[in-house]
Structures are given as structure tokens and as C-alpha cells.
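Asks: Here is my input; please provide its structure:
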Amino acid sequence: MNKERSMYSINPADSISFIIKRIYRDGLTTTSGGNISVKDENGDIWITPSAVDKGCLQPSDIIHIQAGGSVSGKHKPSSEYPFHQAIYKARPDIKAIIHAHPPALVSFSIARQVPDTRAIANARRICGNVGYAGYELPGSEALGVKIDEQFREGFNSVIMENHGAVIGGISLEDVYRRFEALEYCARVILFGKILGDAKYLTDEQITAFDRQLPGSMPEMDTISHPQDEIEKRSTLCEIMNRACRQGLMISSFGTASERCNGDDFIITPAGKTKRDFATGDIVLISRGKREPGKIPGQAAWLHQRIYRENPGINSIVQTQSSCLMAFGITNTRMNVRTIPESWIFLQDLPTLPFDALSPLNTNIPQLLSAGIPGVIISNDSVVFTGETLLQAFDRLEIAEFSAKSILLCAPLGPMAPISDEQVEELRKAFLKK
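Replies: From the prediction side, this is the model:
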């Protein structure tokens, strides 16, 4: 069974145990920290227990609190249950809550600030504005009141002063997506501060860009799947899963594609978490039409233009890896002359303004035609290409590692790049035609 289809099971206990273990494995909470709850259609609340290892929580460990107040389960419910209850009372539309102590959001909480989600267009779309709740004793009714006030004002994400963050949503899938995106945005902002001041988008810029996006492609009348395409679908799923495991992609954003025949290509779908694609989810684009019954990722129009204008490009990976996006939110050009491998595989990595992604004026396909393997698009994403999908992914990894090295170098002093003479030596040794 596809993990994506079982991840948000009809049984809240299964869903909660799955997600809390994922959050723990991703380093976004500790063994004892954080809690998740779901409110079911009967008004009952299901919540993680107190003092049980989050890394191996089982469905049988989840506590069931009925609307009438009776409690079922072999443990005590989370000590933070009062503020979960307060949020559900304040916002009947909210059906799931995640509270945790992920490092980047905790950094904002102890600096008593909130992350400005306008740093990343996708984070703004998913998270909106972020609220702030002043400090109160954990587990107290007073803390519930302060958090309740923020949710009543319409916030779905709230920084808790010197504590962490609490996120609400209409489903556990929705709230996890928002939680992950907010932590990612906070991390990018913190990395960006190493380079300089972040440049934030306006809501008007994001809205204007979204309005320019092409509508859905028409559907094909008939379709067939040759064996080589089926194999490419499997590779595409594995690459997306690997990108998430490696921290190069989050569940709510990321697209990869691979050329099939001519300008036809397969691409990852819209509206599904990036970790758990099955081969049947992948969308074929042929002669400008999409596979029946499927919606391709939002960037399908850009991938289509890149393939049409660049016969030598066979694969594209587009994502928002956090270290590269630090350069993207500060409009800083990244110097790839860090180590020989970085220069050999990248040579150049321009940072483009946000409006360079506009369908009306993009020059990204032309830049890639000139032999540039990838670009950073300010406040949006990074795009890497290759002759094969593995090559495109490898370039992404190398670029992200290089970006991270530059950021980590900052406390030591200025980066000392490879010299022109050393670059020429590399060119002669490794780039012979």
C-alpha cells in the first residue's frame, strides 16, 4: 500500500503515531517533547500521551478523550491537553493540532520574534501570518487562554514565547504540511542572516505571480506506458523520496521531471506529499496535454519550456533546499569555487529575482541553454538540470553542501575561493571536450 494513502488513516491513533514518529526522525522534536491531537467527527479528541518515547509511539499508546470527558488509554494524556482543548473550542474549523519544539522555531521563540513567512512564497501561501503567545506555565489554563486568543484572531500558526510553536489545521495532513513549512521558513531566514538582510515579498507580488500561472493543461484522449517510461517513473519516485530523506525537499514543495520521447516528459503530481509518491501518481505530459485524471505540479509549464528549448536537458529537479534558499532570500550570488568538485559540477549558479519565474518574462530556459546547470530563484526555489535524473539530483546535493559549507565558514572568517589559476587547471583536467 502507498504510504501516502495510509499515512492519514481513518483511525486517528494510527495517523498520530505515524506523524509524531516522522517529526521525531526529522529532528523536529525530542523524545519527551511535543504533542499531537486530532478531533474526530464525534467531537472526541485523540492525543499523544505524557512521558512516552516519541520515537517509537504506537497507535495503542494514543489517548482517546470522549466529548463527554471520559478518558481511554493506558497512559496519561499530554500535560498540554488544556491548550489543545482551548483551541478546539475557539476554532470549530480546526480538527488537528501539532505542538513541538523544532530548533528554528524555538530560536524565534527565545528571541521573542515571529518568522516573516513572506521570505518564501510557498511558506506564505501555506502558513500566512504567524501569531505570538506570551509565556505562561506549560500545561496551565493560563497558557491555553493566551494561545486561544491568537487562534481566535485567525492565526493558524503561533509562536509560544520561550517554548516552541503550535500549529492548527483542518486535518492532520494540513497541519503537518503547515508545521513543516513554517520550520523550514524559519530555518532559511536564520541561515540568510549569516549572509545579510532578507528581502521579503509583498502579498501583492505573490498574488500577481499566481495570477500569471497558466491554467491546467488539457487531457489526452488515450494513453499508453512503454516499459522504459514505467522504469523512469520508479526512479522519479525514489529520487523524490531520497530528496526528502536528505533534507533537500519538504512535503509541500518540490517537483522533478524526466524527458521521455521528444518533448514528452513525466512529472511529479500536484497536491501530494513529496515523500510518498507511487509510480501511478506520476503524470505524463505529451504534446502539451496531461495524462487523464491527473494534475501535474505547478511548475509543469516551466519544465515544458526548458525541455522544448534545450534538447540536451533530460531531467529537472526543482526544490527549496534551505542553505541554497538563504542565498535566494538575500539576493546573494553564491560563489561555487569552494572545493574542486563544486566548481567542476556547477561552474556557475546565478541568483535570479523572483519575477524571473514569471511565465510572461522568464529567461530561465535560455540561461540553461548556455550551459548553466542550475539557478537560484529569489524567494521561491532552486532549479537543477541534467542529462539524467541522477545527475540533476547530484548537482542539487553538491550545490546544497557547498552552500552549507559557505554558511558554516562565516564564524571562521571570509571564504577563500579557488583562484583563477586553479580553476583553469581544473578546466583543462576535467572539462576536456
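
Asks: where does this structure have low pLDDT?
Replies: Residues of the chain that meet the criterion pLDDT under 70 lie in 1-9, 432-433.

Asks: Now the element after the top helix by length along it, going C-ward?
Replies: What stands out as the longest helix in the chain, according to DSSP state H, is helix 172-195. Scanning forward in sequence from helix 172-195 by DSSP states H and E, the next helix or strand is helix 203-212.

Asks: same for that following helix, what does it pack against?
Replies: Helix 203-212 makes packing contacts with helix 121-127 when contacts are defined by 3 or more Cβ pairs under 8 Å, 6 or more residues apart in numbering; DSSP states H and E. Bear in mind the C-beta positions are built from the backbone N, C-alpha and C, glycine included.

Asks: mind listing what's buried in the helix it packs on?
Replies: By neighbour count, with 16 or more other Cβ atoms under 10 Å as the criterion, the buried positions of helix 121-127 are 121, 122, 123, 124, 126, 127.

Asks: tell me what the longest helix of the chain is packed against?
Replies: helix 12-25, strand 96-100, helix 103-111, helix 121-127, strand 157-160, strand 164-169, helix 322-329, helix 389-409.

Asks: coming back round to it: can you tell me which of the buried residues of helix 121-127 comes closest to residue 221?
Replies: Residue 221 has its nearest neighbour among the buried residues of helix 121-127 in residue 122, at 33.4 Å by Cβ to Cβ.

Asks: Now the closest one: closest residue in space, sequence neighbours ignored.
Replies: Using Cβ to Cβ, 6 or more residues apart in numbering and skipping the chain neighbours, the partner closest in space to residue 122 is residue 253 (4.8 Å).

Asks: Please apply the same query to residue 214.
Replies: Taking Cβ to Cβ, 6+ apart, and ignoring the residues beside it in sequence, residue 214 has residue 301 as its nearest neighbour in space, at 4.8 Å.

Asks: how close does the one you found sit to residue 294?
Replies: Computed with Cβ to Cβ, to the nearest Å, the distance linking residue 301 and residue 294 is 16 Å.

Asks: before we move on, what about residue 68?
Replies: Per Cβ to Cβ, residue 68 is found 44 Å from residue 294.

Asks: more crowded one of these two?
Replies: A side-by-side neighbour count of residue 68 and residue 294, using other Cβ atoms under 10 Å, places residue 294 first with 17 against 7.

Asks: Mind listing the residues bridging to the residue nearest to residue 218 when sequence neighbours are not counted?
Replies: Distances taken as Cβ to Cβ, 6+ apart place residue 289 nearest to residue 218, at 5.2 Å, with adjacent residues excluded. Taking DSSP bridges as the rule, residue 289 bridges to residue 286.

Asks: Distance of residue 289 relative to residue 222?
Replies: Counting by Cβ to Cβ - residue 289 and residue 222 are separated by 11 Å.

Asks: Next: residue 112.
Replies: Taken as Cβ to Cβ, the spacing of residue 112 relative to residue 222 amounts to 60 Å.

Asks: Run a quick neighbour tally on residue 421.
Replies: Around residue 421 sit 8 other residues, with neighbours defined as other Cβ under 10 Å.

Asks: Helix, strand, or coil at it?
Replies: helix (DSSP: H, G, I helix; E, B strand; the rest coil).

Asks: quick one, what contacts it?
Replies: Residue 421 is in contact with no residue at all, counting by Cβ atoms under 8 Å, 6 or more residues apart in numbering.

Asks: on that earlier part again, make TSV out of the helices and strands packed on helix 172-195 and add distance to residue 217.
Replies: As requested, the helices and strands packed on helix 172-195 are arranged in TSV below (distance: least, Cβ to Cβ, whole Å):
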stretch	distance to residue 217
helix 12-25	33
strand 96-100	33
helix 103-111	37
helix 121-127	21
strand 157-160	33
strand 164-169	29
helix 322-329	28
helix 389-409	22
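
Asks: Any idea which of those gets closest to residue 133?
Replies: Go through those one by one with Cβ to Cβ and the one that ends up closest to residue 133 is strand 157-160, at 5.1 Å.

Asks: and the closest one, what does it pack onto?
Replies: Under the contact definition 3+ Cβ pairs under 8 Å, 6+ apart, strand 157-160 sits against helix 103-111, strand 131-133, helix 141-152, strand 164-169, helix 172-195.

Asks: so which of those is the most packed in?
Replies: For those, ranked by mean neighbour count under the definition mean count of other Cβ atoms under 10 Å, the leader is strand 164-169 at a mean of 26.

Asks: For that one, name the packing helices and strands.
Replies: Of the remaining helices and strands, those touching strand 164-169 by 3+ Cβ pairs under 8 Å, 6+ apart are helix 81-90, strand 96-100, helix 103-111, strand 157-160, helix 172-195.

Asks: Dump the ones you listed to JSON lines, plus distance to residue 149.
Replies: Converted to JSON lines, the helices and strands packed on strand 164-169 look like this (distance: least, Cβ to Cβ, whole Å):
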{"stretch": "helix 81-90", "distance to residue 149": "8"}
{"stretch": "strand 96-100", "distance to residue 149": "16"}
{"stretch": "helix 103-111", "distance to residue 149": "17"}
{"stretch": "strand 157-160", "distance to residue 149": "9"}
{"stretch": "helix 172-195", "distance to residue 149": "19"}
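
Asks: wait, what's in contact with residue 156?
Replies: By Cβ under 8 Å, 6+ apart, the neighbours of residue 156 are 94, 127, 128, 167, 168, 169, 178.

Asks: rerun that using 7 Å as the cut-off
Replies: Residue 156 makes contacts with 128, 167, 168, 169, 178, as judged by Cβ atoms under 7 Å, 6 or more residues apart in numbering.

Asks: for the stretch 251-400 of the chain, what spans make up the strands?
Replies: 255-259, 265-267, 283-286, 289-290, 315-319, 351-352, 374-377, 381-386 (DSSP state E, counting those that start in this stretch).

Asks: Dump the helices and strands packed on strand 157-160 into CSV; add distance to residue 242 as well.
Replies: Output for these, formatted as CSV (distance: least, Cβ to Cβ, whole Å):
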stretch, distance to residue 242
helix 103-111, 23
strand 131-133, 35
helix 141-152, 37
strand 164-169, 26
helix 172-195, 17
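
Asks: quick one, which of those is nearest to residue 89?
Replies: For the helices and strands packed on strand 157-160, proximity to residue 89 was assessed by Cβ to Cβ; helix 141-152 is nearest, at 7.4 Å.
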